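>>> pasted the sequence and its predicted model underneath.
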Amino acid sequence: MKDSILKLHKVVVAFAALAVLATGCGGRGGAEEVDSGSGQSDSVATANFGDLSEVCGPGDASTASAQGVTADSIEVGVFSDIGFTKNSEFVDAAKVFTSWCNEAGGINGRELIATTRDAKLMEPRQRMIEACRDDFALVGGGAGLDALGVETRLECMLPTFTAQAVQEKAAGADLEISASPSKIPGYDNYAGFRTWVLNEAYPESKAAVGMINGDSAVTRVVGEISNETLQDIGATVIYDELYPAMGVADWTPYAQAIKSKGVRGLIFMGSFEQLAKLEESLTNMDYKLDWIDANNNAYNDQFIELLGRSADFQNNLVDLGGVAPLESGEPAVEELRALYEKYAPDAQITLPALRAWSSWLLFAKSADACGDDLTRRCLYDTARQETEWTGGGLNVPINVAEPLPPQPCFNVERATSDGWKTADFGADNGLYRCDIPARELTGDYGVPMTLADVGKSMNDVE
C-alpha cells in the first residue's frame with residue numbers, strides 16, 4: 001500500500017502542469033494557520049494593486065454574518081499537498097497577500113486569516129470536512145486529487161476561488177470561481193499553443209510528433225486529450241510511450257527510441273527533473289528536436305539549471321495560458337515582486353502563485369463589495385459579475401460570469417541558458433495571442449460535479 005501511495009504521489013507531482021496541479025501551504029497536520037504578519041501601525045502597504053483600487057482597507061464591519069466571518073475577521077482555507085510535495089508556493093502566496101491586505105486594513109476592517117488545508121495527496125476529503133466546519137470560503141489553493149473533496153464541498157455549499165483545478169469532476173464544479181483558469185471542462189487548454197507549434201512555427205514536425213506520459217490512470221486522460229487535439233490539427237504521432245510513474249533512472253533507452261523513430265516534436269508530460277534527464281541523454285547523442293513542449297511546470301529557474309548545455313542545444317517551450325510572464329516587466333508583475341520581497345523574500349514566484357494571487361484579489365474585491373453583510377451567496381454572486389477580470393494585469397481578461405467557451409489566448413516562453421525568454425509566437429493582443437478559437441473536446445473525459453448531484457441548488461446557498 002505504501003508503495004502504491006508513493007507511486008500515485010509521484011504521478012501527481014510529475015504531471016503538475018498538464019493536470020495543472022500545484023500544491024503549497026506548509027503544515028505538519030491537516031490545518032495550520034498561515035502567519036499573516038500583520039502590523040498596521042507601520043503599514044507601508046497600499047490597498048491598490050495593478051489597475052485595481054481599494055482591494056483591501058479599513059471599514060466598519062460589525063456583524064458575524066456567516067460561518068468563518070465575525071466583526072473582526074474572515075477565515076478562509078488554502079488547499080495544498082505540501083505534506084507530499086514540500087512545495088510552498090500556495091502558502092507563500094497566502095502569506096504575502098494576507099500580510100499586505102491586513103496592513104492595509106483588512107477587508108472592510110476585518111482581518112483576513114488563511115488556514116492551510118494540507119490534503120497530503122490522499123486526504124482531500126478529510127481536509128474538506130474540516131474546511132466545511134470552519135472556513136467561510138477556500139482561496140488560492142489546489143490539490144492533486146481534488147475530485148475526492150468536491151462532493152463534500154458542495155454538500156456544505158463552500159465556495160472556492162481555486163488557483164488550480166486538476167480533475168474533471170472538480171474543474172468547473174458548482175460554486176467554483178476561477179480567476180485565472182488552469183483547466184476548463186470540455187476544452188483543451190493547449191489547443192492554441194499546439195496549433196501554432198505545428199501549423200506555423202515548425203510545420204515540418206507535424207508528421208513526426210512524439211509523446212511521453214506517465215503510466216497512471218490519473219494522468220492518462222491528459223494524454224488522451226492531447227491525442228484528440230493533435231489528430232484534429234492533422235498531426236501524426238509516431239511515438240507514444242508510457243514510463244513508470246515513479247520516474248526513470250536511465251532515460252537512454254527512451255532517447256534512443258526517440259532518435260531512431262525520427263521524432264521532431266516532443267510533448268513531455270512529467271516533472272521537469274525527469275525531462276532534464278531525458279534531454280541530457282538526447283543531447284549526449286547529438287540529437288536535437290525541433291521543439292519540446294516542456295509543460296509549464298518547467299517554468300522556473302531550477303529547470304534552466306538542470307538543463308545545463310541542453311538549455312541552448314534543445315528548444316524547450318512552455319505555454320503560460322494567458323498569464324503574464326515574470327520577465328515581462330508588466331507593472332502588476334513588478335508590484336508582486338516587490339510584495340514578495342517584503343513579506344516572503346526567500347519565496348519563489350511561480351506560475352501557480354500568479355494564478356493564486358489573481359484568485360486572492362478577486363476574493364478580496366468581491367468580499368469587500370459585500371460590506372458588513374458578507375455571506376457566501378453575496379461573495380459568489382459578486383465575483384460572478386466580473387466579465388473582464390485580469391487580476392490587476394496579471395492575466396488575460398477572463399469572463400467569470402460566462403466562463404464557457406473559455407478565452408482562447410495563450411503566450412509562449414522559451415528556455416535558454418540566460419533564463420526564460422518570450423518566444424516569437426505571433427502575439428496579437430499585448431502579451432498574448434488570441435486569434436485561435438478555443439477547441440471543444442469530443443471525447444468523454446468526465447464532467448464537473450453540480451449542486452444537483454448532492455441534492456442541492458443555488459437557492460440553498462446562504
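On my side now, so go ahead. Values in this document were obtained by computation on a predicted structure and should not be read as measured data. Residues are numbered from 1 along each chain as shown.
>>> contacting residues for Asn227?
Contacts for Asn227 were tallied using C-beta atoms under 8 Å, 6 or more residues apart in numbering; they are 211, 237, 240. All C-beta atoms are positioned from the backbone trio N, CA, C, and that covers glycine.
>>> what ranges do the strands span in the stretch 1-150 of the chain?
With DSSP state E, counting those that start in this stretch as the criterion, the stretch 1-150 of the chain has strands at 31-33, 73-80, 111-118, 137-139.
>>> out of the ones you listed, nearest to Pro345?
Proximity to Pro345 (C-beta to C-beta) singles out strand 111-118 among the strands of the stretch 1-150 of the chain, at 19.0 Å.
>>> direction included, what does that closest one pair against?
Here strand 111-118 has these sheet partners by DSSP bridges: strand 31-33 (antiparallel), strand 73-80 (parallel).
>>> from Ile74, how far off is the closest residue to Gly109 other than its chain neighbours?
Nearest non-adjacent residue to Gly109, counting by C-beta to C-beta, 6 or more residues apart in numbering: Gly59, 3.7 Å away. Counting by C-beta to C-beta, to the nearest Å, the gap from Gly59 to Ile74 is 12 Å.
>>> now do the helices in the chain.
Secondary structure of the chain (DSSP state H): helices at 2-14, 82-85, 89-103, 124-134, 147-155, 191-195, 217-233, 252-261, 272-284, 301-307, 310-313, 331-343, 351-370, 376-383.
>>> buried ones in the fifth one?
Applying a neighbour-count criterion of 16 or more other C-beta atoms under 10 Å, one finds 147-155 buried in helix 147-155.
>>> which one of the residues you listed is nearest Asn48?
Minimum distance to Asn48 across the buried residues of helix 147-155 is 31.9 Å, recorded for Arg153 (C-beta to C-beta).
>>> got a pLDDT number for that closest one?
Arg153 carries a pLDDT value of 98.
>>> now swap in the one 10 residues further on and tell me
Confidence at Ala163, expressed as pLDDT, is 96.
>>> that one: neighbour count?
The local packing of Ala163 (other C-beta atoms under 10 Å) involves 35 other residues.
>>> pretty sure it sits against Ala356.
Yes: using C-beta atoms under 8 Å, Ala163 is in contact with Ala356, at 3.7 Å.
>>> okay, and the common contacts of those two?
Common neighbours of Ala163 and Ala356, using C-beta under 8 Å, 6+ apart, are 90, 93, 140-141.
>>> can you select the buried ones among the residues you listed for me in PyMOL?
The buried residues among the shared contacts of Ala163 and Ala356 can be selected in PyMOL (16+ other C-beta under 10 Å) with this line:
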select buried, resi 90+93+140+141
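>>> which members of the shared contacts of Ala163 and Ala356 are the farthest-apart pair?
Of all pairs in the shared contacts of Ala163 and Ala356, the most separated under C-beta to C-beta is Ala93 and Gly141 at 8.8 Å.
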